[in-house]
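Colleague: I need the structure of the sequence given here:
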Amino acid sequence: MAISRITFGEWTPDQPGITNGLQRAENVFSKAVGYGGLQSAVNYSASASENLTNVVAAKNTSGTTIVFAGGDTKLFKLDTSDLSLDSVVKASKTISNVAKTSQVVTITTSATHGYSVGDSVTVTAVTNVAVNGTFTITTVPTTTTFTYAQTGGNIGTTADTGTVTFAYVTPLNQRWRFTQFGNVIVAANGGNRLQGFNLNSSSTFQDLASDAPQSRYITIVRDFVVSGYVNSSTVYPNRVQWSALGDESSWTASATTQADFQDIPDGGSVVGVTGGEFGLVFMDRSIHRMSYIGSPLIFQFDNISRNLGCFEANSIVQYGGTSFFLADDGFYACDGQQVLPIGNEKVNRFFFADVDQGILDKMSAAIDPERKLVVWAYASNDSATPDKLIIYNYQTGKWTSGTTNVDRVATSSTPSFTLEGLDIFGNVDTITTSFDSRIWLGGKMQFAGVRDAKIITFSGSNATAIIETGDIEMPGTTSAITIAKPIVDNGSGSVALVSRRLLTESVAFGSQTAADAENRVSLRGVGRYHRLQLTPTGTWTNTVGIDIEMNPLGTR
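Modeller: As a prediction, the model looks like this:
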């Protein structure tokens, strides 16, 4: 008998199986040695009043972590007493007067309304019902009046009652993006003026400033709030605009405050911005570094990547000083100095063959800091919604994949819970998430996301994993595999085998066979080339390979 150890190497689906790289590494993540199990998604919050598109967490000066989420028309705040998601949009206002002249309606509210030009409001007047409906505000003459266009006859100024209800307008294929500046969480969706929520004192989001722009993307560079793809009264897809130095409430260009903007002439549209000591501006066909140099120019913009930009805005995610993204030829990492390929000849061809590029905007990206992973979710060719994960370990430099049923992945944090507070998750005996999980530790970054109207966390039991080897052979001879022993810490596994005489034959695994009490799987495969498929079982923590009994056979 000849016992051989097949140690699981790197997943490289872009390479042929004969090179011995793994051909499948599904629902696992790479470790320095072997692979760990990817945990399944479990519901975390109660349902919001609409489906969610993103989630984020921020910490105030007292150390309390607050979790926010966004939908198309609302922003929500997590209530830790019952895990409900409470709407924190601009408050409804009471109508005091109504007027209409030359097809322009003027609504007067009984208190300051806080609305802006471009906001969407639903007017429900009690007496002058002809003015009712959902409209876009065209002017804001005073803090208690606003106007909108509506056909029909004139109405003299008359007292009325009723309500004005506000709703955000998120453009098609856009979603909320968040950043924290001091005690303020700043939110951008590309359809409304930048929104701000003071973590110490606010009860609802309000316009970040009266002169803040509408922008799709948002980040912090040094002491500035920086936005990209400005969409105010005029669309400036190649514009980067920043606030005053140290003041998120001032945006009018000024040499004194250092608020200003820059239109970048080459590279197409801005598709994302990341920050830190310097900023990175991702465009369709270029990447620019923005460095603070002070007055009068404020920022210097240097093109660090020409003709290579970001293929999909929703692929951009930052951790530390490195930004990860998808270009039109694969996955890259950028530290502000270099743009480094990380998927070349490993997963790029696999990804572009698997993803449905017609709905690539459904892609999302997140960091799993506990496992040192960058995770992208996307919709494959077989699905109209995100169903796949592609995962990069930024410490090992290795890739894996996964399956999912979440709408978006995201990086968030969780508030603390007392033992009594665990009751909101159900009976302690029935809670499926391990009490060793960071989900119970307040303010700790974690891998999360959204599914329908709920926040989810990847903190459940291990998802069903599948690891498939490349072709194993005894050069120059036919061989037989008869026994396999999974090498799985704190568990065992089920194994399937396919054997081929020629590489032209199809790869078709049969059913997997579970290991017996002695961790042995009886198999029978004869051929020149063999592949093994393992599904670890039990409460396993790590799998590194399979021991096999493999013997040469004579030929005639």
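Colleague: would you map the strands across the stretch 151-300 of the chain?
Modeller: Counting by DSSP state E, counting those that start in this stretch, the segments of the stretch 151-300 of the chain that form strands are 155-159, 162-167, 177-181, 184-188, 195-198, 206-207, 215-221, 224-231, 235-242, 260-263, 270-274, 279-283, 286-294, 298-306.
Colleague: okay, the angle between the last one and strand 279-283?
Modeller: When you say that, I think you mean strand 298-306. What separates the directions of strand 298-306 and strand 279-283 is an angle of 50 degrees, with axes from the mean of the first three to the mean of the last three CA atoms, to 10 degrees.
Colleague: buried sites along strand 298-306?
Modeller: Buried residues in strand 298-306, counting neighbours by 16 or more other CB atoms under 10 Å, are found at 298-299, 304-305. In short, each C-beta sits where N, CA and C put it, glycine included.
Colleague: how about residues contacting it?
Modeller: Contacts to strand 298-306, defined as CB atoms under 8 Å, 6 or more residues apart in numbering, come from residues 221, 240, 242, 258, 260, 262, 264, 266-267, 279, 281, 285-293, 334, 336-337, 339.
Colleague: likewise the fifth one?
Modeller: Counting contacts by CB under 8 Å, 6+ apart, the residues outside strand 195-198 that touch it are 68, 75, 88, 183-188, 202, 204-209, 248-249.
Colleague: please apply the same query to the third one.
Modeller: Identification of contacts with strand 177-181 by CB under 8 Å, 6+ apart yields 54, 56, 58-59, 68, 70, 185-189, 199, 216-220, 225, 248, 275.
Colleague: 7 Å instead, please
Modeller: 54, 56, 58, 68, 185-188, 217-220, 225, 248 (CB atoms under 7 Å, 6 or more residues apart in numbering).
Colleague: same question for stretch 310-323.
Modeller: Surrounding stretch 310-323, the residues in contact under the criterion CB under 7 Å, 6+ apart are 271-272, 274, 276, 280, 282, 324-328, 333-336, 360-361, 363-367, 374, 376.
Colleague: for Tyr529, which residues make a bridge with it?
Modeller: According to DSSP bridges, Arg500 are recorded as the beta-bridge partners of Tyr529.
Colleague: now do Ile456
Modeller: Note on Ile456: beta-bridge partners Asn43, Gly449, judged by DSSP bridges.
Colleague: surely it touches Asn43?
Modeller: Yes: Ile456 sits in contact with Asn43 when judged by CB atoms under 7 Å, with a separation of 5.7 Å.
Colleague: looking at those two, which one has more neighbours?
Modeller: When neighbours are counted by other CB atoms under 10 Å, Ile456 comes out ahead of the other of Ile456 and Asn43, with 28 against 15.
Colleague: I'd like the distance between that one and Ala366.
Modeller: Spatial separation of Ile456 from Ala366 under the definition CB to CB, to the nearest Å is 11 Å.
Colleague: common neighbours of those two, please.
Modeller: Gly449.
Colleague: circling back to that earlier point, for the contacts of strand 177-181, give me a markdown table that also has neighbour count, distance to Asp471 and pLDDT.
Modeller: A markdown table is the format used below for those (neighbours: other CB atoms under 10 Å; distance: CB to CB, whole Å; pLDDT from 0 to 100):
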| residue | neighbour count | distance to Asp471 | pLDDT |
| --- | --- | --- | --- |
| Asn54 | 25 | 43 | 94 |
| Val56 | 21 | 45 | 92 |
| Ala58 | 22 | 50 | 87 |
| Phe68 | 24 | 49 | 95 |
| Ile185 | 24 | 52 | 97 |
| Val186 | 26 | 52 | 97 |
| Ala187 | 23 | 51 | 97 |
| Ala188 | 31 | 49 | 97 |
| Tyr217 | 24 | 45 | 98 |
| Ile218 | 24 | 48 | 97 |
| Thr219 | 24 | 46 | 97 |
| Ile220 | 21 | 50 | 97 |
| Val225 | 32 | 54 | 98 |
| Glu248 | 22 | 58 | 97 |
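Colleague: what residues are up against Gly162?
Modeller: For Gly162, the residues meeting the contact criterion (CB under 7 Å, 6+ apart) are 95, 124-126.
Colleague: what about these, which are in helices?
Modeller: Assigned to helices by DSSP state H, none of the contacts of Gly162 qualify.
Colleague: out of those residues, which one sits closest to Ala508?
Modeller: The shortest approach to Ala508 among the contacts of Gly162 belongs to Thr124, at 63.0 Å (CB to CB).
Colleague: go ahead and confirm the closest one touches Thr163.
Modeller: Yes: counting by CB under 7 Å, Thr124 touches Thr163, with 5.3 Å between them.
Colleague: and stretch 244-263, end to end?
Modeller: Counting by CA to CA, to the nearest Å, you get 17 Å between the two ends of stretch 244-263.
Colleague: just the pLDDT for Gly330.
Modeller: At Gly330, the model reports a pLDDT of 98.
Colleague: what's the spacing between it and Thr403?
Modeller: Taking CB to CB, one finds Gly330 at 22 Å from Thr403.
Colleague: when these two are compared, which one has more neighbours?
Modeller: Between Gly330 and Thr403, counted using other CB under 10 Å, Gly330 has the larger neighbour count: 19 against 15.
Colleague: thought Glu345 was touching the more buried one, still the case?
Modeller: No: counting by CB under 7 Å, Gly330 sits too far from Glu345 to count as a contact (9.2 Å).
Colleague: confidence score at Ser232?
Modeller: The predicted structure scores Ser232 at 78 on the pLDDT scale.
Colleague: does it touch Pro213 like I think?
Modeller: Yes: using CB under 7 Å, Ser232 makes contact with Pro213 at a distance of 5.0 Å.
Colleague: neighbour count winner among those two?
Modeller: Looking at Ser232 and Pro213 with other CB under 10 Å, you find the greater number of neighbours at Pro213, namely 23 against 16.
Colleague: okay, the angle between the lowest-mean-pLDDT helix or strand in the chain and strand 177-181?
Modeller: Here the helix or strand of the chain ranked lowest by mean pLDDT, DSSP states H and E is strand 408-414, holding a mean of 84. Going by the same axes, to 10 degrees, strand 408-414 is angled at 30 degrees with respect to strand 177-181.
Colleague: of all the strands of the stretch 151-300 of the chain, which one is nearest Val355?
Modeller: Set against Val355 and scored by CB to CB, these come closest in strand 270-274, at 17.0 Å.
Colleague: hmm, who's touching that closest one?
Modeller: 217, 219, 226, 228-229, 237-238, 240, 279-284, 310, 313, 316, 318, 323.
Colleague: where does the stretch 401-550 of the chain have low pLDDT?
Modeller: For the stretch 401-550 of the chain, applying pLDDT under 70 flags the ranges 413-444.
Colleague: show the buried residues in the contacts of strand 298-306.
Modeller: Among the contacts of strand 298-306, those buried by neighbour count (16+ other CB under 10 Å) are 221, 240, 242, 258, 260, 262, 264, 267, 279, 281, 285-290, 292, 334, 336, 339.
Colleague: got the domain boundaries for the chain?
Modeller: Using automatic domain parsing, the domains assigned to the chain come out as 3-36+465-553, 67-87+171-356, 93-167.
Colleague: first-to-last residue distance for the longest one?
Modeller: Taking CA to CA as the measure, domain 67-87+171-356 stretches 31 Å from start to finish.
Colleague: where in the stretch 1-150 of the chain is pLDDT low?
Modeller: Within the stretch 1-150 of the chain, the stretches falling below the threshold (pLDDT under 70) are 1.
Colleague: show me where the stretch 351-500 of the chain has its strands.
Modeller: When secondary structure is read from DSSP E, counting those that start in this stretch, the stretch 351-500 of the chain shows strands at 364-368, 373-378, 388-393, 398-403, 408-414, 444-451, 454-462, 466-468, 478-489, 492-500.
Colleague: quick one: strands adjacent to the helix or strand that the last one is followed by?
Modeller: This points to strand 492-500. From strand 492-500 onward toward the C-terminus, using DSSP states H and E, the following helix or strand is strand 513-514. Based on DSSP bridges, the pairing partners of strand 513-514 within the sheet are strand 492-500 (antiparallel).
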